[in-house]
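Participant: curious how this folds, go ahead:
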Amino acid sequence: MKNESIAFIMAGRRQRHRRWVLVTSFLVVLACILCGAMLLLGNTIHPVKDVIRALLGERIQGVSFAVNTIRLPRMLAGVFAGFAFGIAGDIFQTMLRNPLANPNVIGITTGSSAAAVFCIVILHASGAVVSIASVIAGLATVTLIYILSRGKSFSIGRLILIGIGIQAMLNALISYLLLVGAEQDIPAALRWLSGSLNGSQMHELPPLILSVFIFAPIVIMLAKQLSILELGEQSATSLGVNTDRTRMMLILSSVCMISLATSTTGPIAFVSFLAGPIAKRLVGVGFSNVIPAGLVGVNLVLAADLIGQFAFVVRYPVGIITGIIGAPYLIYLLIRMNRKGEL
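Facilitator: So this is what the prediction gives:
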């Protein structure tokens, strides 16, 4: 009887692992297809062989500039920003055991946005200055929210409410900066605030790419501890997890990634909010949701950008499309949580 139970458990585990591998592989293939579409499609649709030759460094009139200068940076920005947003959102939702506890809703992204807008509108800065300011502001925002939510004991509900309040304050600050800023800087700031891959340049991407290569492996290595944290503070401690150190490393890694992603593409709405739940629905339970959430983020950003470019008469930034997708889901989630008494 005991052997039969063990065999049944192991069979279920193998089945869940196969599902995880199949879903993750599908998401990788879909991301590759969307990357190819990003490189091929534009005002002019270039043949696949010409695009490949241009990527390999061959100079082809009309193709090399379009592919290497415009489409490749745009595609890379979408891939790495989407992966960063997806992973960061899943970390906060899992760690705090609440689908509303993501960087968009609790104000972390808004903190990075406020710093970036200040650099663009007031300091007339760009590049490294905006990236550094975004990371510092993101870390400062999450630290302030965490300190204010401590009280006598840590409360997830209090953290979310304080985060929403901080977000409102920061949005007011952004509005003020736009009012007092120079007129010629306002269009660039507004375009950036909508969340856009337009104008992405290769020299702006290294900080974002480097942050993903540094912090994503750290998060993946901590994926098991992240899953245990979802059981609660006492259960995680009894299972041998150093909760304070693990939570600090996860928060630091996710905030650095999402701050640099925000400084590069702007705050692309709802990607960090949607990626985790979608990935969890696809993958199921039993294995880490981190990598699938990152891949879902990549696919959301690339697909939304393609829709914004080619599905309408007017071209829309990627953030507007993800906002149209994410807003109804947020309303649905709030209604469902209210009915369950979770709000």
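Participant: which parts of the stretch 201-343 of the chain are helices?
Facilitator: Ranges of helices in the stretch 201-343 of the chain, per DSSP state H, counting those that start in this stretch, are 206-221, 223-229, 233-238, 243-265, 271-283, 290-310, 318-339.
Participant: can I get the ones you listed in TSV including mean pLDDT and distance to residue 191?
Facilitator: All C-beta spots, glycine's among them, are computed from the backbone N, C-alpha and C. Output for those, formatted as TSV (pLDDT from 0 to 100; distance: least, Cβ to Cβ, whole Å):
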stretch	mean pLDDT	distance to residue 191
helix 206-221	91	18
helix 223-229	82	35
helix 233-238	75	43
helix 243-265	85	11
helix 271-283	86	18
helix 290-310	92	13
helix 318-339	79	10
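Participant: which residues touch the residue positioned nearest the centre of the chain?
Facilitator: Using Cα atoms, centre = their mean, the residue of the chain that lies closest to the mean C-alpha position is residue 85, 0.7 Å off. Residue 85 makes contacts with 103, 258, 261, 268, 271, 272, 275, 297, 301, as judged by Cβ atoms under 8 Å, 6 or more residues apart in numbering.
Participant: please apply the same query to residue 257.
Facilitator: By Cβ under 8 Å, 6+ apart, the contact set of residue 257 is 84, 87, 88, 211, 212, 215, 216.
Participant: I'd like to know which of the residues you listed are buried.
Facilitator: Applying 16 or more other Cβ atoms under 10 Å to the contacts of residue 257, the neighbour count classes 84, 87, 88, 211, 212, 215, 216 as buried.
Participant: pull the number of nearby residues for the spatially closest residue to residue 195 that is not a sequence neighbour.
Facilitator: Among residues not flanking residue 195 along the chain, residue 319 sits closest, at 2.4 Å (Cβ to Cβ, 6 or more residues apart in numbering). By the measure other Cβ atoms under 10 Å, the count of residues near residue 319 is 27.
Participant: now for residue 319: which residues touch it?
Facilitator: Taking Cβ under 8 Å, 6+ apart as the test, what residue 319 contacts is 194, 195, 196, 266, 267, 268, 269.
Participant: quick one: the nearest residue to residue 239 once chain neighbours are set aside and residue 251, what's the gap?
Facilitator: In this structure, residue 239 finds its nearest non-sequential neighbour in residue 228, 5.5 Å apart by Cβ to Cβ, 6+ apart. The spacing between residue 228 and residue 251, counted by Cβ to Cβ, to the nearest Å, is 16 Å.
Participant: go on, residue 292?
Facilitator: On the measure of Cβ to Cβ, residue 292 and residue 251 end up 21 Å apart.
Participant: neighbour count winner among these two?
Facilitator: Shown here are residue 292 and residue 251; by other Cβ under 10 Å, residue 292 has more neighbours (26 against 19).
Participant: so what's the more buried one up against?
Facilitator: By Cβ under 8 Å, 6+ apart, the contact set of residue 292 is 20, 23, 24, 27, 279, 282, 283.
Participant: show me where the stretch 101-250 of the chain dips below the pLDDT cut-off.
Facilitator: Counting by pLDDT under 70, the stretch 101-250 of the chain contains low-confidence residues at 127, 151-155, 233.
Participant: distance of residue 301 relative to residue 138?
Facilitator: Relative to residue 138, residue 301 is positioned 19 Å away (Cβ to Cβ).
Participant: actually residue 188, not the one I typed
Facilitator: Residue 188 sits 21 Å away from residue 138, going by Cβ to Cβ.
Participant: what of residue 181?
Facilitator: 21 Å.
Participant: compare the two (neighbour count), which wins?
Facilitator: Comparing residue 181 with residue 138 by other Cβ under 10 Å, the one with more neighbours is residue 138, at 30 against 18.
Participant: shouldn't that one be in contact with residue 254?
Facilitator: No: in terms of Cβ atoms under 8 Å, residue 138 does not count as a neighbour of residue 254; the distance is 9.4 Å.
Participant: tell me, how many residues neighbour the nearest residue to residue 251 once chain neighbours are set aside?
Facilitator: Once flanking residues are discounted, residue 251 sits nearest to residue 142: 6.1 Å by Cβ to Cβ, 6+ apart. For residue 142, the count of nearby residues is 25 (other Cβ under 10 Å).
Participant: so what's residue 278 up against?
Facilitator: 293, 296, 300.
Participant: can you do 6 Å?
Facilitator: By Cβ atoms under 6 Å, 6 or more residues apart in numbering, the contact list for residue 278 reads residue 296.
Participant: packing partners of the helix or strand hosting residue 147?
Facilitator: Using DSSP states H and E, residue 147 sits within helix 128-150. Packing partners of helix 128-150 (3 or more Cβ pairs under 6 Å, 6 or more residues apart in numbering; DSSP states H and E): helix 108-121, helix 156-180, helix 243-265.
Participant: what sits up against that helix?
Facilitator: Residues contacting helix 128-150 (Cβ under 6 Å, 6+ apart): 107-108, 111-112, 115-116, 119, 158-159, 162-163, 166, 207, 255-256, 259-260, 262-263.
Participant: now which of those would you call buried?
Facilitator: Buried among the contacts of helix 128-150 (16+ other Cβ under 10 Å): 107-108, 111-112, 115-116, 119, 159, 162-163, 166, 207, 255-256, 259-260, 262-263.
Participant: can you map out the helices along the stretch 1-150 of the chain?
Facilitator: Using DSSP H, counting those that start in this stretch, the helices of the stretch 1-150 of the chain run over 2-40, 48-55, 64, 72-95, 108-121, 128-150.
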